[in-house]
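Asker: Next come a sequence and a model predicted from it.
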Amino acid sequence: MTQALSVTDAVTSRRSIRRFLPDAVDPAVLRGVLETAQRAPSGGNVQPWNAHVVTGEP
């Protein structure tokens, strides 16, 4: 069983990585991320997020 992080531990241990690999992301992974994001709480239930998913050559 995984131990849940406290909010403080989660915030203080976060990190940002701004380098991307050239590997394609599995569409099932993208779908899972977006499906999970749909369930995220938002103030006033407005869900103010947008997602742009692009595949193929730039």
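Answerer: Cool, got the structure. Numbers count the residues shown, from 1 in each chain.

Asker: which residues touch residue 37?
Answerer: Applying CB atoms under 8 Å, 6 or more residues apart in numbering, we find residue 37 in contact with 49, 51. Just so you know, the C-beta spots here come from the backbone N, C-alpha and C atoms, and that holds for glycine as well.

Asker: at 7 Å what do you get?
Answerer: residue 49 (CB atoms under 7 Å, 6 or more residues apart in numbering).

Asker: per-residue confidence at it?
Answerer: Note for residue 37: predicted pLDDT of 82.

Asker: Residue 30 now?
Answerer: 89.

Asker: what's around it, how many residues?
Answerer: 14 (other CB atoms under 10 Å).

Asker: so it is in which element?
Answerer: Taking DSSP states H and E as the definition, residue 30 sits inside helix 27-37.

Asker: next one: residue 14
Answerer: Going by DSSP H and E, residue 14 is not in any helix or strand.

Asker: so how far is residue 23 from it?
Answerer: Residue 14 is 23 Å from residue 23, where distance means CB to CB, to the nearest Å.

Asker: Strands along this protein, start to end?
Answerer: For the chain, strands defined by DSSP state E do not occur.

Asker: Low-confidence regions, it specifically.
Answerer: Where the chain drops to pLDDT under 70, the residues are 1, 47, 58.

Asker: can you rerun that using 90?
Answerer: 1-5, 10-11, 14-25, 30, 33-34, 36-58 (pLDDT under 90).

Asker: Kindly format the C-alpha coordinates of the helix holding residue 30 as PDB.
Answerer: Taking Å, rounded to 0.1, in the frame of the first residue of the first chain, the C-alpha atoms of helix 27-37 are listed here in PDB:
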ATOM      1  CA  PRO A  27      -2.300   7.500 -26.800                       C
ATOM      2  CA  ALA A  28      -3.700   5.400 -24.000                       C
ATOM      3  CA  VAL A  29      -1.500   7.400 -21.500                       C
ATOM      4  CA  LEU A  30      -2.800  10.700 -22.900                       C
ATOM      5  CA  ARG A  31      -6.300   9.500 -22.800                       C
ATOM      6  CA  GLY A  32      -5.900   8.500 -19.100                       C
ATOM      7  CA  VAL A  33      -4.400  11.900 -18.200                       C
ATOM      8  CA  LEU A  34      -7.300  13.700 -19.800                       C
ATOM      9  CA  GLU A  35      -9.900  11.500 -18.300                       C
ATOM     10  CA  THR A  36      -8.400  12.000 -14.900                       C
ATOM     11  CA  ALA A  37      -8.200  15.800 -15.400                       C
END
